[in-house]
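S.K.: What would the 3D arrangement of this be:
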Amino acid sequence: MPTELPSSSAALLIESDPALARAFQDLIVLAYHSSVTLNIVCSLSEGLTYLQAHHVPVILMDLSLPDNAGRKAVDLVRETAPASALIGFHRTTDTTMLSDAIRCGAHEVLPVIPPSAETLRLSITSALIRATRLQTATEPVPSVDAHQTLSLPLAKVAHDLNNCLTSINGFADILLARLSAEDPSHYCAEQIKLACTRAECLIKQLPQITCTSPTPQLSKPANNAPAT
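M.R.: Have a look, this model is predicted:
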């Protein structure tokens, strides 16, 4: 998958509001100078039908669709089009739905709707990069010996990382409280909090590795070998 939308490419927008759909269409033209086509459907069921017959590199989806919303909608789209980069959005100041979308597989979210053309292009690029990394991950599964080496410090690493994220989240909250929603820096602060949410999900996996790893055992000298 490319990390930039190539010329003559197509994206899919799942949006029930005609005015917002037109706004996104205009933004795509501004961001990609008419080289990218935005196909639009107005419901999740139409979107799933379209995706069963067409591959698109990027999907933009309203997380508050009338026929389905939130985590369930993200799950259905990811199951139908696992190779596509998915960007979720909704018009509200509550970021809970955006965080939930990231947790269940969205590659990017838009906290400000409609975004600027520059923000939309950056979000599409970020989503493509994340989707590509997931598909091309080729890291070998650690062996038992590797787990034995890594299991001991994992709990401490998870604890220290969690402390760092708590600090970052706290400063991000301070910024969000001081910045108006119209300030361009507000979007950056939102992205910091969303990045922390992603990191917290990864940290929760570390204790699982620790718990499932066998406890390292010190080797004992053989009976016929001198102890050192």
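
S.K.: Could you count how many residues lie near residue 187?
M.R.: 19 (other Cβ atoms under 10 Å). For the C-beta atoms, the positions are set from N, CA and C on the backbone; glycine is no exception.

S.K.: Residue 199: what's its closest spatial neighbour, skipping adjacent residues?
M.R.: Leaving aside its sequence neighbours, residue 199 sits nearest to residue 165 (Cβ to Cβ, 6 or more residues apart in numbering; 5.7 Å).

S.K.: Please read the previous query as pertaining to residue 10.
M.R.: residue 37 (4.5 Å).

S.K.: Got the phi and psi for the one you found?
M.R.: phi -90, psi 130 (degrees, to the nearest 10).

S.K.: Got the domain ranges for the protein?
M.R.: What the record gives for the chain is the domain set 9-136, 144-212, from automatic domain parsing.

S.K.: tell me the average confidence for the shortest one?
M.R.: In other words, domain 144-212. For domain 144-212, mean pLDDT is 70.

S.K.: For the spatially most central residue of the chain, which residues are in contact?
M.R.: The structure's the chain has its C-alpha centroid closest to residue 107; by Cα atoms, centre = their mean the separation is 3.2 Å. Shown in contact with residue 107 (Cβ atoms under 8 Å, 6 or more residues apart in numbering): 85, 86, 87, 126, 127, 128, 130, 131.

S.K.: coming back round to it: any idea how far the residue nearest to residue 199 is from residue 172?
M.R.: Distance, residue 165 to residue 172, using Cβ to Cβ, to the nearest Å: 10 Å.

S.K.: hey, what's in contact with both of those two?
M.R.: Common neighbours of residue 165 and residue 172 (Cβ under 8 Å, 6+ apart) are residue 196.
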